[in-house]
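# missing the sequence, but the structure's below:
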């Protein structure tokens with residue numbers, strides 16, 4: 001019985017890895033050719049159709065993947081959405097496409113109109129790079145103004161992979177995606193609020209923290225005095241928490257990084273190449289060091305852009321830099 005269970009788990013893991021590998025290959029392909037895609041039609045054929053083919057849809061079957069799907073809006077007839085994915089004869093997902101070099105802002109209103117005239121439960125607005133996923137969490141049959149998930153195909157986050165996979169043809173379930181959509185939408189909004197709070201605590205946030213630590217009047221001058229203190233405290237707490245996670249992930253090796261000599265922080269990414277040839281020749285970046293660096297980036301990817309994290313290798317220590 002144990003053998004069967006293990007085999008099943010391994011098979012699921014292999015399937016997941018296959019999907020991740022396909023996304024990585026597709027991401028590399030899009031990155032290499034996006035500069036040469038100049039029109040909306042080129043975006044559709046070069047990026048959009050291959051993307052949905054990865055999700056398992058027959059993009060050449062007009063009964064399943066319908067181009068120029070008619071979505072009449074009120075007295076306006078002949079309104080068409082770029083694509084509709086049809087399930088059991090009814091549209092399940094509407095897809096509005098813009099050119100790869102076009103911003104998506106202000107284009108959701110068009111999709112908003114189409115959504116209300118069809119039975120589709122989900123809508124996707126995309127330029128081939130960014131994919132915004134919408135549903136009707138706030139009001140039934142009325143598309144939300146903010147997406148419940150936004151995906152950058154050039155930088156797919158690991159937690160987004162299983163959420164995207166739910167849109168695969170073989171796994172597609174309206175109920176399952178709808179139940180997850182609420183969690184994704186509001187967790188993303190909470191994170192945005194939290195990010196803003198860390199960068200610039202509002203008056204209300206400062207008052208909230210002062211409530212239990214300061215007994216005097218919370219005047220505006222007091223709030224202004226404590227705002228930078230609160231900001232510093234919150235960011236230090238986040239840093240300490242992440243440091244603890246990094247230590248736990250790296251185990252004993254974390255002591256090597258912790259004991260590294262204090263160096264002035266650079267204002268630009270530091271490469272491992274040294275200016276003096278004799279010093280550079282002594283530096284060997286090991287596989288263990290690169291693995292540690294990769295673990296740190298994975299732990300921080302949800303709150304810090306990957307390009308902001310780099311490393312410096314010297315003859316004495318290997319340091320991860322922010």
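Yep, that arrived. Treat the numbers as computed from the prediction; the structure is a model and nothing was measured.

# same for the helix or strand hosting residue 81, what does it pack against?
The secondary structure element spanning residue 81 is strand 80-87 (assigned by DSSP states H and E). If you count contacts as 3 or more CB pairs under 8 Å, 6 or more residues apart in numbering; DSSP states H and E, strand 80-87 packs onto strand 65-70, strand 90-97. The C-beta positions use only the backbone N, C-alpha and C, and glycine is treated the same way.

# what pLDDT, on average, does the shortest one get?
When the per-residue pLDDT values of strand 65-70 are averaged, the result is 90.

# got a list of contacts for that strand?
52, 57-59, 78-86, 91, 94 (CB atoms under 8 Å, 6 or more residues apart in numbering).

# Repeat that for the last one.
Here strand 90-97 makes contact (CB under 8 Å, 6+ apart) with 40, 43-44, 48, 52, 66, 69, 71, 81-86, 107, 110-111, 114-115, 118-128, 167, 172, 174.

# Is it possible to mark the buried ones in those?
Those of these that meet the buried threshold are 40, 43-44, 48, 52, 66, 69, 71, 81-86, 107, 111, 114-115, 118, 120-128, 167, 172, by 16 or more other CB atoms under 10 Å.

# Point out the ones among these that are inside helices.
Using DSSP state H to define helices, the subset of those located there is 40, 43, 52, 111, 114-115.

# closest to residue 32 among those?
residue 43 (14.9 Å; CB to CB).

# so the residue of the chain positioned farthest from its centre, which of the three states?
In the chain, counting by CA atoms, centre = their mean, residue 216 sits farthest out from the average C-alpha position, at 42.8 Å. Using DSSP: H, G, I helix; E, B strand; the rest coil, the structure places residue 216 in coil.

# Name the nearest residue to it, sequence neighbours excluded.
Distances taken as CB to CB, 6 or more residues apart in numbering put residue 222 closest to residue 216, at 6.7 Å, once the chain neighbours are dropped.

# pretty sure the one you found is touching residue 214, no?
Yes: Residue 222 lies in contact with residue 214 (CB atoms under 8 Å); the separation is 7.3 Å.

# pLDDT below threshold where in the stretch 51-200 of the chain?
Low-confidence segments of the stretch 51-200 of the chain (pLDDT under 70): 72-78.

# repeat that with 50
Along the stretch 51-200 of the chain, no part satisfies pLDDT under 50.

# can you give me the strands for it?
In the stretch 51-200 of the chain, the strands defined using DSSP state E, counting those that start in this stretch lie at 65-70, 80-87, 90-97, 122-126, 130-134, 149-152.

# So what's the residue count around residue 150?
15 (other CB atoms under 10 Å).

# what's near enough to touch the nearest residue to it once chain neighbours are set aside?
Residue nearest to residue 150 in three dimensions, not counting chain neighbours: residue 132, with 5.1 Å by CB to CB, 6+ apart. With contact set as CB under 8 Å, 6+ apart, residue 132 has these partners: 104, 108, 124-126, 147, 149-151.

# Which members of the residues you listed are the farthest-apart pair?
108 and 151, at 15.4 Å, using CB to CB across the contacts of residue 132.

# Spatially central residue in the protein, please.
Taking CA atoms, centre = their mean, the chain has its central residue at residue 157, 4.7 Å away.

# about what we covered before: dump the strands of the stretch 51-200 of the chain into CSV; add distance to residue 162 as well.
Converted to CSV, these look like this (distance: least, CB to CB, whole Å):
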stretch, distance to residue 162
strand 65-70, 23
strand 80-87, 19
strand 90-97, 18
strand 122-126, 17
strand 130-134, 14
strand 149-152, 11
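
# on that earlier part again, and the residue nearest to residue 216, how many neighbours?
Neighbour tally, residue 222, other CB under 10 Å: 15.

# With residue 143 instead?
24.

# hang on, isn't it packed against residue 122?
No: Residue 143 is beyond contact range of residue 122, at 9.3 Å (criterion: CB under 8 Å).

# okay, and the common contacts of these two?
Contacts common to residue 143 and residue 122, judged by CB under 8 Å, 6+ apart, are 134-135.

# how about the helices in the stretch 201-322 of the chain?
203-210, 220-250, 254-258, 277-280, 287-300 (DSSP state H, counting those that start in this stretch).

# least reliable of those helices going by mean pLDDT?
helix 254-258 (a mean of 46).

# residues in contact with the residue nearest to residue 127 when sequence neighbours are not counted?
Of all residues not flanking residue 127 in the chain, residue 98 sits nearest, at 4.5 Å (CB to CB, 6+ apart). The contact partners of residue 98, by CB under 8 Å, 6+ apart, come to 40, 43, 104, 107, 125-127.

# What is the nearest of those to residue 235?
residue 104 (31.0 Å).
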